[in-house]
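**Q** Just need the structure, nothing else, for what follows:
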Amino acid sequence: MTFNDRRHNGGCLPDRDQSSPHSSPMGRIIEMAFSGLWVIKRQGVLTEAGGRLYWPNRESLVRAAAQAGIPLSDVVVHTGRLDAGSR
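**A** Sure, this is the predicted structure:
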């Protein structure tokens, strides 16, 4: 037995362009440890918020994303070396 979305939605597929709290893809916060920059990645690409592609710290990134209406994941990806003493 399979579930038929069309039958349970009046014969129509759901419209993905409708506004809903979950319609916008979440951004992933990435700390690029080697450079010290923070970026947002959504759907596999860097995302601009407030006219910028990178921020000096997480707090400014979160503020810019909130102002741009970009929902963020609470999972942070850290890249590069995190121990500054081994460079």
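**Q** Which helix runs longest in this structure?
**A** As assigned by DSSP state H, the longest helix anywhere in the chain is helix 58-68.
**Q** Output the contacting helices and strands for it.
**A** strand 27-32, strand 37-42, strand 72-79 (3 or more Cβ pairs under 8 Å, 6 or more residues apart in numbering; DSSP states H and E). C-beta: built from backbone N, CA, C; applies to glycine.
**Q** which residues are contacting it?
**A** In this structure, residues lying in contact with helix 58-68 by Cβ atoms under 8 Å, 6 or more residues apart in numbering are 27, 29, 31, 38-40, 49-50, 52, 55, 71-72, 76.
**Q** try 7 Å this time
**A** 27, 29, 38, 40, 49-50, 52, 55, 72 (Cβ atoms under 7 Å, 6 or more residues apart in numbering).
**Q** Identify each buried residue in that helix, please.
**A** 61-62, 64-65 (16 or more other Cβ atoms under 10 Å).
**Q** got the angle for it vs strand 72-79?
**A** Interaxial angle, helix 58-68 versus strand 72-79 (axes from the mean of the first three to the mean of the last three Cα atoms, to 10 degrees): 140 degrees.
**Q** which one of the buried residues of helix 58-68 sits closest to Gly44?
**A** Set against Gly44, the nearest of the buried residues of helix 58-68 by Cβ to Cβ is Ala65 (17.2 Å).
**Q** that older thread, please indicate which of the contacts of helix 58-68 are buried?
**A** 27, 29, 38, 40, 49, 55, 72.
**Q** Now pLDDT too, for those residues, in CSV please.
**A** Formatted as CSV, the buried ones among the contacts of helix 58-68 follow (pLDDT from 0 to 100):
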residue, pLDDT
Gly27, 97
Ile29, 98
Trp38, 98
Ile40, 98
Ala49, 96
Trp55, 98
Leu72, 97
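**Q** Give me the residue ranges of this structure where confidence is low.
**A** Where the chain drops to pLDDT under 70, the residues are 1-23, 81-87.
**Q** Tell me which residues touch Ala49, please.
**A** Counting by Cβ under 7 Å, 6+ apart, Ala49 makes contact with 40, 64-65, 68, 70.
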